[in-house]
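[1] What follows is a predicted structure for the sequence shown.
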Amino acid sequence: MYGKVLVVEHEKCTGCRQCELVCSVFHNGTSNPSRARIKVMKWEHVGFYLPMTCQNCEKPFCTEVCPTKACHRDIENQRVIIDKDKCIGCKTCVVACPFGHPFFDPIDRVTVKCDYCDGEPQCVRFCEVKAIDYVEADRVQMAKRREVFTKFSDLLKIER
């Protein structure tokens, strides 16, 4: 069982950050992008925008470094989950992630990550340009994902 995953078509993203707003409202009841579980990485000077969430890695560093095992991999759903009741807010998982996820919520003082809004991702629902989709993982084209990360890597090299 592979489950569903978020897929981003960065070519469609306009950088509006609507996904961040609806995520924050859904999870926290407030329109505060700093509390969203999705972040739009922006390179304005080249017109490149990339909505990023947890990649639910096969062998996630975040789960290996979590001292309380609040951050763990759910084998059945192929996802990384954070148990807010066990999280002590040490941010070790944040530092360990090569993709800059999960996020520390300064209000609740715990680490949070995308949970697909309990199966109805609001970022997908409200993205007017349809840059984000929620599809069966086995439908994801690995070549497409590699292309996105290659371009992302190239942009990071430009920034240096």
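    Thanks, I have it. Numbers count the residues shown, from 1 in each chain.
[2] so where's the protein uncertain?
    1-2, 140-146, 158-160 (pLDDT under 70).
[3] Excluding covalently adjacent residues, which one is nearest to the spatially most central residue of the chain?
    By C-alpha atoms, centre = their mean, the mean C-alpha position of the chain lies nearest to residue 53, the distance being 0.9 Å. Distance criterion C-beta to C-beta, 6 or more residues apart in numbering; nearest residue to residue 53, sequence neighbours excluded, is residue 114 at 3.9 Å. Glycine gets a C-beta too; all of them are placed from N, C-alpha and C.
[4] What separation do you get for the one you found and residue 22?
    Note on residue 114: its distance to residue 22, by C-beta to C-beta, to the nearest Å, is 13 Å.
[5] thinking again about what came up before, just checking, the residue nearest to the centre of the chain touches residue 37?
    Yes: if you go by C-beta atoms under 8 Å, residue 53 and residue 37 touch, sitting 6.5 Å apart.
[6] would the residue nearest to residue 53 count as being in a strand?
    No: Residue 114 sits outside any strand when classified using DSSP: H, G, I helix; E, B strand; the rest coil, being coil.
[7] What count of nearby residues applies to residue 156?
    Other residues near residue 156 come to 11 when the count uses other C-beta atoms under 10 Å.
[8] just residue 43 next, same as before
    Residue 43, neighbours per other C-beta under 10 Å, totals 15.
[9] cool, and the one 3 residues further on?
    Each residue near residue 46 was counted by other C-beta under 10 Å, and the total is 10.
[10] Helices along this protein, start to end?
    Using DSSP state H, the helices of the chain run over residues 18-28, 61-65, 92-96, 122-126, 142-159.
[11] and of those helices, who's closest to residue 106?
    helix 18-28 (11.3 Å; C-beta to C-beta).
[12] Can you dump the C-alpha atoms of that closest one in CSV for me?
    C-alpha atoms of helix 18-28 as CSV (Å, rounded to 0.1, in the frame of the first residue of the first chain):
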residue,chain,number,x,y,z
GLN,A,18,-2.9,30.8,-0.6
CYS,A,19,-1.9,27.2,0.3
GLU,A,20,-0.1,28.5,3.4
LEU,A,21,-3.1,30.6,4.5
VAL,A,22,-5.6,27.8,4.1
CYS,A,23,-3.3,25.3,5.9
SER,A,24,-2.9,27.7,8.8
VAL,A,25,-6.7,28.2,9.0
PHE,A,26,-7.5,24.5,8.8
HIS,A,27,-5.0,23.5,11.5
ASN,A,28,-4.9,26.5,13.8
